[in-house]
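Colleague: Return atomic coordinates for the entry below.
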Amino acid sequence: MNSFSWDLRDWIEDIRREGLLREIKGADWDLEIGAITDINAKTNRFTLLFDEIKGYPKGKRLLTGALLDARRVSRSLNMGPLKGDMELVRRLKERIEFANKHLDEFQPLYKSESPLFANVISGDSVNILELPVPKWFQNDGGRYIGTSDAVITTDPDTGWVNIGTYRIMVHDARTLGILIEGPRHGRMHLQKWFDRGKACPIAVSFGHHPSISIFAGIEVPQGVSEYNFLGAVVGERVPVVRGPVTGLPIPANSEVAIEGYIINEFRQEGPFGEYMGYYSGGATLSPIIKVEAIYFRNDPIMLGTASGKPPYDYSYFRCPLRAALIWDVLEKSGIPNVNGVWCHEAGYSRAFTVVSVKQSYAGHARQTGYVAAQSRAGALGGRYVVVVDDDIDPSNLNDVIWAMCTRTDPSSTIDIIKDTVGTHIDPMVQHEPSKDIREYTSSRAIIIAVKPFSRLIRGDFPITVSPRADVKQEVLRKWGNILGVSENLDSNS
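Modeller: You can find the predicted model right below:
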């Protein structure tokens, strides 16, 4: 692995050189940034750097579209060039396997100095709205500073440091509202502090290298710090500085960060457009953060993102990462011959997972589907798990739907798991005023879209209609340029 820069500004310059960056000046924080971000995610998918935001001086900037394709995810994780989505999943899986074995070698690297402390504001002088915090969409309950954040908490019993991405709304100059769902590691920390009758120390980075957002926004094993996990995946220890107020480790190259305490006082937070594409969570009573200090570099760059109807600004990066984590769990569970996993953007990386297997025994496909559906990376927000044969590319939605239409019998190949882990933001749940956020459940469908094993081993399932492989390659060699098709087109295509 090559030497790696954890600085967001270096990352931006790399993206600029690749022609993927667009700069936008003069946009309004009130709805315009959200609309631009949403349109961009559904069209050309540039990385967008906003400056001279209405009502703010030049130099207080906001970046969206950081992780919209495989190239940018790969660059963010020090993986080099690759051919496409499934190659990214395979490389991520290899790195995750390495990380699980070498976590102790990648403790965060503490630094004594950081450009983050170029500007320090504390106490009553703190005013969060001196930063360009967007109101992303018209039905949002307020302005949201925490959309691509890194929320740092610690377990008071063990010292385990967790980094999560949790939505944060501005209540006033020093008060923020934070929503952390029941199954999240940050919620476990928060509850332990509250059970002790204490406020929960918190640090939040609002601008940092995109790789930190990748692992703050995905499930890593309980008890493992995202700093260690990310460092092992990238191959470099993550540089951090100790927060002056809480002592929590903050990314040393952070552009903007706060420290404070989550207190056991609840205010209405939301609604906010969520990853399922709806205002389904409504407004909730959520704990508040009392901000004790804010730090920022000169000419700081905040990270931001917005959800909506998929595809949206952060729907892509979770697809290969979640797929790699599920694949890793399948293999660790003893499931053989997994050929590939993909979590589709249309299902916001959670609700439509496809696993490709080379069937080895009767029940293999069904076993695979159940494990994938109930794995930590595949459970929360899940809906459908489809298991397909190894001749199907799980990332190719046309292939997957074809397999579902031709290799299933709805009466016998769709299983339902009832009353499993759910979320209050699911648009299908019924909200009740007295219901705790941890009480919500939902069901899962396991769709077994494979050739029946008994017919597969006897060789009597109908063969697929397609050109013979050698003829296809010869045709592509002769006329591929006229057709605009590569000679190296996958034989399954």
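Colleague: give me the low-pLDDT residue ranges for the chain?
Modeller: The chain contains residues with pLDDT under 70 at 1-2, 182-183, 487-493.
Colleague: What ranges does the stretch 151-300 of the chain have for its strands?
Modeller: Counting by DSSP state E, counting those that start in this stretch, the stretch 151-300 of the chain has strands at residues 161-164, 168-172, 175-178, 200-207, 239-242, 249-251, 256-269, 284-296.
Colleague: no, scratch that, I was asking about the stretch 1-150 of the chain
Modeller: 21-25, 47-51, 61-64, 109-110, 119-122, 144-146, 150-154.
Colleague: The residue nearest to residue 383 when sequence neighbours are not counted: neighbouring residues, count only.
Modeller: Excluding the flanking residues, the one nearest residue 383 by C-beta to C-beta, 6 or more residues apart in numbering is residue 351, at 3.7 Å. The way it works is simple: take the backbone N, C-alpha and C, and place the C-beta from them, glycine included. If you count neighbours by other C-beta atoms under 10 Å, residue 351 ends up with 19.
Colleague: again with residue 420
Modeller: For residue 420, using other C-beta under 10 Å, the count is 14.
Colleague: Give me the distance between it and residue 443.
Modeller: As judged by C-beta to C-beta, to the nearest Å, residue 420 and residue 443 stand 7 Å apart.
Colleague: How about residue 384?
Modeller: Distance from residue 384 to residue 443, by C-beta to C-beta: 10 Å.
Colleague: Number of residues surrounding residue 348?
Modeller: 25.
Colleague: Could you look up the SS state of residue 328?
Modeller: Under DSSP: H, G, I helix; E, B strand; the rest coil, residue 328 falls in the helix class.
Colleague: ok, now which ones touch it?
Modeller: With contact taken as C-beta atoms under 8 Å, 6 or more residues apart in numbering, residue 328 is in contact with 93, 96-97, 100.
Colleague: next one: residue 49
Modeller: 12, 21-24, 61-63, 301.
Colleague: again, 6 Å this time
Modeller: Residues in contact with residue 49 (C-beta atoms under 6 Å, 6 or more residues apart in numbering) are 23, 63.
Colleague: gap between it and residue 14?
Modeller: Distance of residue 49 to residue 14, computed by C-beta to C-beta: 13 Å.
Colleague: Pull out the buried residues from stretch 380-395.
Modeller: Buried residues in stretch 380-395, counting neighbours by 16 or more other C-beta atoms under 10 Å, are found at 380-390, 392-395.
Colleague: quick one, strands of the stretch 351-493 of the chain?
Modeller: Along the stretch 351-493 of the chain, counting by DSSP E, counting those that start in this stretch, strands occupy 352-357, 384-389, 414-421, 441-449.
Colleague: Those strands into a markdown table, with extra columns for distance to residue 143?
Modeller: Shown next, in a markdown table, are the strands of the stretch 351-493 of the chain (distance: least, C-beta to C-beta, whole Å):
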| stretch | distance to residue 143 |
| --- | --- |
| strand 352-357 | 32 |
| strand 384-389 | 35 |
| strand 414-421 | 31 |
| strand 441-449 | 31 |
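Colleague: Can you say which of those is nearest to residue 188?
Modeller: Closest of the strands of the stretch 351-493 of the chain to residue 188 is strand 414-421, at 14.4 Å (criterion: C-beta to C-beta).
Colleague: Remind me what that closest one packs against, helices and strands.
Modeller: If you count contacts as 3 or more C-beta pairs under 6 Å, 6 or more residues apart in numbering; DSSP states H and E, strand 414-421 packs onto strand 441-449.
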